[in-house]
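K.L.:
Turn this into a structure:
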Amino acid sequence: MKGLIDGILHRTQAEYLERLMPPRTGALASLERLAARDRVPIVDPEVGRFLEQTCLAANARRVLEVGTAIGYSTVHLARGVGEGGRVLSIDVDPQRQATARAYLAEERLEARVEFVLAPGLEAIPRIAGPLDLLFLDAIKEEYRGYLDLALPKLRIGGIVVCDNLLWSGQVAGEVLREDERSSTLALREFNPYFTNHPQLLAQVLSFGDGVGFAVKVRG
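P.N.:
Modelled structure (predicted):
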C-alpha cells in the first residue's frame, strides 16, 4: 500500500490486509514486476481489484480510462466489462500502449479494449457517450478538465473513479517532493471540487493512494 499506512492504519493492520490479497498471476504478475523494474506508476493491486469489482457490480459495459500506462488497470477493467464490453483507454505514450496491448492479448482480452493515442483533454471530446464508468489516472493537473469533459457523457447512475487523490499523503500534509508540488496543489483543488460536485455523490476512500469514488446522480 502506498502512502496510507501510518495515520490511517497501523502498519501491522496494513500488512495483514495486503497478505489477504490473492496472489496475482499471469499478465498482472508480469505487469507488477515490469512496473517495479522500470518505475512505471500503476494502481495498487487492491485498487485494480476494486475497479474490476466495481465494473461487475455496476454491470458496466462501456468504460473510459484516462491513463493507460502499461495496462495494469486496463486488464482489470477489461475483465470487469465482460464479453461484449468495451474499454476506451487514452494515453500519449505509444510504447506503453503497445506493452498494454501485448499483455491484454496474453489474457485474451484485447477485443474488449480500444486504445486512443492522444492527450486526454483532446481525446475526450471526440468520444461518444453514454459511458457507464470513468476512470482517471493520468496528469493530476488535468483531472478537473477530464471530469468536466467526460461527465456529460456519463449516464445517470454511472460511476467515476479517480486514483492518487491523497498523493502519498502530500495533499493532506506537507509537500515532500518539489517535483510533485504542481500535482499536489492541483489535487488539493480538485478534491473538494470532486466531493462537492452537484452532479455527483462522491467521496475519497482511504485505500491505495486515495481513491475517489462517485455516482452520477443528476444530469
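K.L.:
Going by C-alpha atoms from here, please, whenever you check contacts or count neighbours.
P.N.:
OK.
K.L.:
So which elements touch the strand ranked longest in the chain?
P.N.:
Among the segments of the chain that qualify as a strand by DSSP state E, the longest is strand 154-162. Using 3 or more Cα pairs under 8 Å, 6 or more residues apart in numbering; DSSP states H and E, the elements in contact with strand 154-162 are strand 131-136, strand 211-216.
K.L.:
Adding mean neighbour count, mean pLDDT and distance to residue 23, write these out as a markdown table.
P.N.:
Listed next are these as a markdown table, based on neighbours: other Cα atoms under 10 Å; pLDDT from 0 to 100; distance: least, Cα to Cα, whole Å:
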| stretch | mean neighbour count | mean pLDDT | distance to residue 23 |
| --- | --- | --- | --- |
| strand 131-136 | 25 | 98 | 24 |
| strand 211-216 | 21 | 98 | 22 |
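K.L.:
Tell me the first helix or strand C-terminal of the helix or strand containing residue 192.
P.N.:
Taking DSSP states H and E as the criterion, residue 192 maps to helix 181-195. Per DSSP H and E, the first helix or strand lying C-terminal to helix 181-195 is strand 200-205.
K.L.:
buried sites along that following strand?
P.N.:
200, 201, 202, 203, 204 (16 or more other Cα atoms under 10 Å).
K.L.:
which among the residues you listed gets closest to residue 70?
P.N.:
The closest of the buried residues of strand 200-205 to residue 70 turns out to be residue 204 (Cα to Cα; 24.9 Å).
K.L.:
Looking at strand pairing, list the partners for the closest one.
P.N.:
For residue 204, the beta-bridge partners are residue 212 (DSSP bridges).
K.L.:
That one reaches residue 210, doesn't it?
P.N.:
Yes: with contact defined as Cα atoms under 8 Å, residue 204 counts as touching residue 210 (6.3 Å).
K.L.:
Could you name every residue contacting both of these two?
P.N.:
By the contact definition Cα atoms under 8 Å, 6 or more residues apart in numbering, residue 204 and residue 210 are jointly contacted by residue 165.
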